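Trainee: Quick one, what's the 3D model for this:
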Amino acid sequence: MNKQKATIAGAVLLLFIVLIVYLFSGTDYKEESKQKPKFVSDEWSTEFILESKDPMGIYLFKTMFDSYGDSNIVIDDSLNYLSKDSNSTFIFVGDRFSVYPEEFDTILSEVKKGSNLLLSFHDLIDTINQHFFYDSYNEWYFDEEVKVHTLKDEYTLRAIFQADTVARVWKIFKEYNIKDTNFITISSFMETPNFVKLKFGKGHIFLHSNPEMFYNYQMLTKDGFNYAQSVIHQFPPKKRVVWLELGRLSDDIGDFSTEDADGDQGRKDNSLLQFLFKKLELLIALLLTILGVILYLIFRSKRYWPIVPYIPENKNRSLDFANTMTAIYLQQESPYSILIVMRRNFRANINRQFFIDLSKQDKTKEIKVLSEKSGVKFTDVENLVNMLENQKMHAVTYEYVQEVAKMQRTFYLKTGIIKDKIKQKTEKKKIVFRRQMILSTTFIFLGINAILRGFYLLASSNGTGILFWPIGFLVLTMGIILFSRNLLVVEHGKMIFYPYFFSKKEFEIDDLIGVQVSNGNTMFEFTGNRKLTINHLEISRYSKKDFEQFIAPFLKMN
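Mentor: Numbers count the residues shown, from 1 in each chain. The predicted model follows:
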């Protein structure tokens, strides 16, 4: 190492030491206490804080509600301090509502006497959810905006993040999921309620599935302000307003207070690495990292030829994107959301290919022009557009989406939007059904256990330990083979079945004449009296739904 390199290495080491000292040091709590927190008007990370004036706080909604009542109180600790001498309006607005069962019983007892309760939430804990719903899952709608309907008016509310309109999940209640069948719908969208009223004793319980509609930025819009007013006017005026902040889960994990040798109390560990010192494993990892940096500086001081960077070839990720989007929407069980995505993609493709805008209300002229440009019959184009523009959420099923997808694919092929080469690639799609991992994991566990036992016996001067090694490696290898061995693969028009310990079996899908499902087995019947039986217990739980969708068309043929 020459003098110049030694100087550079020393400077880097010095900077590293200064960085470590800075990270380990903290500021005095007395100095921090003198600094007043600064208000940042463009803070988008905090949500549903009562006194927050940030865009996603609910300060404006709280102010409106407090002015509607004659007094207000915020309960963030215990209901023991709640005065029970007058009827009140209990309110919670947040992501998830959670209180102890006895606390919720206290609130319900007040409602039963004549008070009112408003819960605006995304989720409830199970003990509270079971009071109102049969199931914890409700419907949802994915878009940038929603049109909320009341008996008299319609309000358009949009999702905004950092001053940009974004798409988000808007939750709504499944009507058949609500236990009280006499509920009253106050507001709704997509013909499904999002704000309902339940009778409870002398009082009422109001359930609202969209707390995001009361953000500060919503209150600054005309529709958001008017919708909030319509919600507030559902409650009797001049009543005490009680905000149930004790139902909001806290992220506070302690103040890390310590006491030094001189008996000074109130000192805080404010170093940036305070969390690393709480776990021995993290501290060891930090020390190893420091050692690694030092070794890197020592051994990388030698001169190396520059490495020519490898530029990977661009890959077509269209199918992967389609599979990912399909999995997301199928998991949420919302076929209407799939239709919305299909509608947007169709409009974008038509606009890009034919320069025709199908987002207008009256599309008769555009459909006629599209028929002339594409060479597709006017009735076929009109039927496809009408099915994509369906606004009735409950009328859209998975079968409906499949039918629209077939019509859309036929249109793309006729107009040349999907090329023959892409068509060939999609027909070569590979479907893999994985096997349950119980047997393979058992073999792997037994193999590792045998190898470790062999080491233990040898360490104890027992020569029989050498016999456990080949047995352990054999069992471990067998488990790894089973772990990587699929149950069934469908590709290139073939079904390939992989037994546990024998060679694979191939069947042509065109030779399939029937599928029978009985007693937890699925039997495929092929020409030539050939049969393939799949035990449902062998199918991985991640592949069961795909397997059911795969055999569904063949069951309809029977």
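
Trainee: any idea which helix or strand comes after the helix or strand where Ala228 lies?
Mentor: For Ala228, the host element (DSSP states H and E) is helix 222-232. Later in the chain than helix 222-232, the nearest helix or strand by DSSP H and E is strand 240-244.

Trainee: now what about that next one, what contacts it?
Mentor: The contact list for strand 240-244, computed with CB atoms under 8 Å, 6 or more residues apart in numbering, reads 50, 62, 65-66, 68-75, 82, 86-92, 97, 99, 107. Where you see a C-beta, it was placed from the backbone N, CA and C, and this is true even at glycine.

Trainee: For the stretch 51-200 of the chain, which segments are assigned as helices?
Mentor: Along the stretch 51-200 of the chain, counting by DSSP state H, counting those that start in this stretch, helices occupy 59-68, 101-112, 126-132.

Trainee: Poorly predicted segments of the protein, please.
Mentor: 1-10, 12-14, 16-41, 81, 83-86, 250-277, 297-333, 418-429, 555-558 (pLDDT under 70).

Trainee: quick check: longest strand of it.
Mentor: Ordering each strand of the chain by length in residues (DSSP state E) puts strand 192-200 first.

Trainee: In it, which residues are buried?
Mentor: Thr192, Pro193, Asn194, Phe195, Val196, Lys197, Leu198 (16 or more other CB atoms under 10 Å).

Trainee: What are the contacting residues of that strand?
Mentor: 108, 111-112, 117, 132, 139, 148, 170-175, 178, 180, 182-188, 204-210, 231, 234, 393-394.

Trainee: now these: which count as buried?
Mentor: 108, 111, 117, 132, 139, 148, 170-173, 175, 178, 180, 183, 185-188, 204-210, 231, 234, 393.

Trainee: where along the stretch 1-150 of the chain do the strands fall?
Mentor: All strands of the stretch 1-150 of the chain, identified by DSSP state E, counting those that start in this stretch, fall at 71-75, 88-93, 96-97, 116-120, 123-124, 139-143, 145-149.

Trainee: Looking at those strands, which is nearest to Tyr412?
Mentor: Minimum separation from Tyr412 across the strands of the stretch 1-150 of the chain (CB to CB) falls at strand 139-143, 23.7 Å.

Trainee: one step back: possible to save the helices of the stretch 51-200 of the chain as TSV with distance to Lys368?
Mentor: Output for the helices of the stretch 51-200 of the chain, formatted as TSV (distance: least, CB to CB, whole Å):
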stretch	distance to Lys368
helix 59-68	48
helix 101-112	59
helix 126-132	50
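
Trainee: Ok, which of those helices comes nearest Ala163?
Mentor: Short answer: helix 59-68, nearest of the helices of the stretch 51-200 of the chain by CB to CB, at 17.5 Å.

Trainee: could you say what helices and strands the closest one packs with?
Mentor: With contacts taken as 3 or more CB pairs under 8 Å, 6 or more residues apart in numbering; DSSP states H and E, helix 59-68 sits against strand 88-93, helix 216-219, helix 222-232, strand 240-244.

Trainee: hmm, 7 Å instead?
Mentor: The helices and strands touching helix 59-68, judged by 3 or more CB pairs under 7 Å, 6 or more residues apart in numbering; DSSP states H and E, are helix 216-219, helix 222-232.

Trainee: Now do the longest one: everything it contacts.
Mentor: Going back to what we said before, that points to helix 222-232. 61, 64-65, 68, 148, 150, 155-157, 195, 213-214, 218-219 (CB atoms under 7 Å, 6 or more residues apart in numbering).

Trainee: For that helix, which residues meet the burial criterion?
Mentor: Buried, per 16+ other CB under 10 Å, within helix 222-232: Asp223, Gly224, Phe225, Tyr227, Ala228, Ser230, Val231, Ile232.

Trainee: same thing with the first one?
Mentor: With burial defined by 16+ other CB under 10 Å, the residues of helix 216-219 counted as buried are Asn216, Tyr217, Gln218, Met219.

Trainee: Same check on stretch 519-526?
Mentor: Residues of stretch 519-526 classed as buried by neighbour count (16+ other CB under 10 Å): Thr522, Phe524, Glu525, Phe526.

Trainee: now stretch 370-385
Mentor: Applying 16+ other CB under 10 Å to stretch 370-385 flags Leu370, Ser371, Ser374, Val376, Val381, Glu382, Leu384, Val385 as buried.

Trainee: Just name the closest of those to Ala552, please.
Mentor: Leu384 (24.0 Å).

Trainee: And for the closest residue to that closest one other than its chain neighbours, the neighbour number?
Mentor: With CB to CB, 6 or more residues apart in numbering as the criterion, Leu384 has its nearest non-adjacent residue at 4.9 Å, and that residue is Met407. Using other CB atoms under 10 Å, Met407 has 16 other residues around it.

Trainee: now swap in Asn535 and tell me
Mentor: 12.

Trainee: What residues does it make contact with?
Mentor: By CB under 7 Å, 6+ apart, Asn535 lies in contact with Gly520, Asn521.

Trainee: what pairs with it across the strands?
Mentor: Asn521 (DSSP bridges).

Trainee: Roughly how far does it sit from Lys494?
Mentor: 21 Å (CB to CB, to the nearest Å).

Trainee: buried ones in the host helix or strand of Thr533?
Mentor: Under the criterion of DSSP H and E, Thr533 resides in strand 530-535. For strand 530-535, a neighbour-count test (16+ other CB under 10 Å) marks Leu532, Ile534 as buried.

Trainee: How about stretch 495-515?
Mentor: For stretch 495-515, by 16+ other CB under 10 Å, it's Met495, Phe497, Tyr498, Phe507, Leu512, Val515.

Trainee: Now Met219: closest residue in space, sequence neighbours ignored.
Mentor: With CB to CB, 6+ apart, the residue lying closest to Met219 is Leu60, at 3.9 Å.

Trainee: cool, Asp126 as well?
Mentor: Leaving out its chain neighbours, the residue that sits closest to Asp126 by CB to CB, 6+ apart is Ser136, at 6.8 Å.

Trainee: Skipping adjacent residues, who's closest to Arg347 in space?
Mentor: Of all residues not flanking Arg347 in the chain, Leu358 sits nearest, at 4.9 Å (CB to CB, 6+ apart).

Trainee: was I right about that neighbour contacting Ala348?
Mentor: No - using CB atoms under 7 Å, Leu358 makes no contact with Ala348, being 9.6 Å away.

Trainee: which one of the two has more residues nearby?
Mentor: Using other CB under 10 Å, the more surrounded residue of Leu358 and Ala348 is Leu358, with 18 against 12.

Trainee: give the contact list for that one.
Mentor: Arg347, Ile350, Glu366, Val385.

Trainee: mind checking which helix or strand it is in?
Mentor: Counting by DSSP H and E, Leu358 is part of no helix or strand.

Trainee: All further residue positions should be reported with the first residue as 16.
Mentor: OK, 16 is where the count begins now, so the last one is Leu373.

Trainee: re earlier: which two in the buried residues of stretch 534-541 are spaced the farthest apart?
Mentor: Farthest-apart pair in the buried residues of stretch 534-541 is Thr537 and Phe541; separation 13.5 Å (CB to CB).
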